[in-house]
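A.B. asks: have a look at this fold, sequence not included:
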C-alpha cells in the first residue's frame, strides 16, 4: 500500500470565504502514483470545513445564506464568554463537516460530473492548514 500526505495553507482575505481546491487535490493524487484507493481532505481547524458540491456561484450564495440562517453571526453565543467572537464559525463547520473522502480510480479523483472539492473558511484572515492524505495501491 502507498500513502502520500501534503498540506495546504490558507490565509483568506475575508473572514468567510470559499476556496475551490479540486486541482490541488488532483495534483497530490497524480504525484502519489496511487491508482486505486481514497484521498482524505480534512480541515485542521474547528472553524473551517471541507465539502463536495457544484462549482456554481449562485449555489455558493445559497449555501452562505443557508449557513447564516442556521448559525447566524451574532454577539450572544456562550462561546463568546471566553473572549472569542467566532461562535457561529464553529457551528457552520459542524454543518458542512471538516472532511471528505473521495475515491481514486485509475489514478484520478472519481468525482461525479459536477462535483468539486471546496475549503470553506468561517473565521479567516489568519493562517490555517488542511491535510490531503491519499492511500491505496
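C.D. replies: On my side now, so go ahead. Since this is a predicted model, take the numbers as computed values, not measurements. Numbers count the residues shown, from 1 in each chain.
A.B. asks: need the per-residue pLDDT for the closest residue to residue 14 other than its chain neighbours.
C.D. replies: Closest residue to residue 14 apart from its sequence neighbours, by CB to CB, 6 or more residues apart in numbering: residue 124 at 6.2 Å. All C-beta spots, glycine's among them, are computed from the backbone N, C-alpha and C. In this prediction, residue 124 carries a pLDDT score of 95.
A.B. asks: what count of nearby residues applies to residue 124?
C.D. replies: Counted with other CB atoms under 10 Å, residues neighbouring residue 124 total 21.
A.B. asks: please apply the same query to the one 5 residues further on.
C.D. replies: By other CB under 10 Å, the residues close to residue 129 number 13.
A.B. asks: swap in residue 72?
C.D. replies: When neighbours are counted by other CB under 10 Å, residue 72 comes out with 12.
A.B. asks: could I get the average pLDDT for the longest helix anywhere in the chain?
C.D. replies: Ordering each helix of the chain by length in residues (DSSP state H) puts helix 57-70 first. What helix 57-70 shows for mean pLDDT is 97.
A.B. asks: for it, which positions count as buried?
C.D. replies: By neighbour count on 16 or more other CB atoms under 10 Å, the buried set for helix 57-70 is 60, 63, 67.
A.B. asks: strands of this protein, start to end?
C.D. replies: Counting by DSSP state E, the chain has strands at residues 2-10, 17-20, 36-43, 48-54, 99-105, 108-109, 115-121, 128-136.
A.B. asks: hey, which of these is tucked in deepest?
C.D. replies: Ranked by mean neighbour count, the strands of the chain are led by strand 115-121 with a mean of 22 (mean count of other CB atoms under 10 Å).
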